[in-house]
Structure formats: structure tokens, C-alpha cells
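Q: okay, here's the prediction I keep looking at, along with the sequence it came from:
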Amino acid sequence: VLLVESGGGLVQAGGSLRLTCVASGGMFSQWNMGWFRQAPGQEQEFVSAIDWSSSSTYYAESVRGRFTISRDNAKNHVYLQLDSLKPEDTAVYYCGADRAEGLRVGVRYYDYWGQGTQVTVSS
């Protein structure tokens with residue numbers, strides 16, 4: 001299984017980015033998918049998750065109302081739209097795949113991970 005993130009970059013505060021995660025080598029349409037981030041010197045933290053059918057989503061309080069998760073099972077893609085970005089959103093963003101049922105926010109529950117994409121928000 002391979003997960004590859006893209007779409008990160010440098011953006012000014014208030015700007016937007018769209019992150020994409022492409023999955024290959026597994027049953028993407030059966031997995032719940034999540035986005036996590038890790039800022040320098042900090043632990044990896046949950047950002048958002050979406051279930052396999054797109055019927056349920058969940059967001060960390062810090063990003064609710066600004067970020068939107070979605071997926072396209074036909075393309076094996078999961079997306080994270082980042083709007084109204086703040087400097088504190090600066091981090092490496094990772095996508096993860098959870099093969100179990102139910103949306104979960106713990107890093108330890110995710111079975112596969114991408115290599116991450118850097119998001120930097122300038123003030």
C-alpha cells in the first residue's frame with residue numbers, strides 16, 4: 001500500500017490550499033481516511049477524517065469550519081481543502097488509512113501513512 005500526498009506549499013494567512021492523497025495497492029474504497037499534521041517540535045495531531053462512503057466526516061476543533069475533507073473512491077483520492085489559513089496551521093500534513101470500521105482520531109489506529117506534504121502559512 002502506498003499513500004502519496006501533494007498540494008502543500010507556502011501561502012499567506014487567509015489563503016487556501018488543496019491537499020491530495022493518492023492511494024495505491026489496497027482496498028481504498030473500504031478504508032476510512034484521515035488527515036493529520038505535525039508542526040516542528042510537536043506531536044502529530046488529528047485534523048480530519050472521512051468514512052469509506054463519505055457519509056461521515058469529523059474535524060478537530062481547531063480546523064472546523066475552515067477545512068473540508070472529501071474523497072473520490074473511483075480515483076483512490078482523498079482531499080483536504082484548507083481555507084482561511086492561519087500561521088498556526090503550518091505543519092507537515094499526512095494522510096492515513098484506517099481499515100477498521102468507525103471514524104477514529106488516534107494516530108495509533110491508522111495502518112498506512114504517506115510521506116507528508118509541507119504547508120507553510122506566513123503572517
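A: Here it is on my side, so go on.

Q: OK, contacts around the most centrally placed residue in the chain?
A: The chain has residue 35 as the residue nearest its centroid, 2.3 Å off, counting by CA atoms, centre = their mean. When contacts are counted by CB atoms under 8 Å, 6 or more residues apart in numbering, residue 35 touches 19, 21, 47, 48, 49, 69, 78, 80, 93, 94, 95, 96. (Glycine included, C-beta is placed from N, CA and C.)

Q: what do you get if the cut-off is 7 Å, keeping everything else the same?
A: Counting by CB atoms under 7 Å, 6 or more residues apart in numbering, residue 35 touches 47, 48, 69, 80, 93, 95.

Q: also residue 30?
A: Per CB under 7 Å, 6+ apart, neighbours of residue 30: residue 52.

Q: give me phi/psi at it?
A: phi -100, psi -10 (degrees, to the nearest 10).

Q: list the buried residues in stretch 9-20.
A: 11, 17, 19, 20 (16 or more other CB atoms under 10 Å).

Q: stretch 85-102 too?
A: Applying a neighbour-count criterion of 16+ other CB under 10 Å, one finds 85, 89, 90, 91, 92, 93, 94, 95, 96, 97, 98 buried in stretch 85-102.
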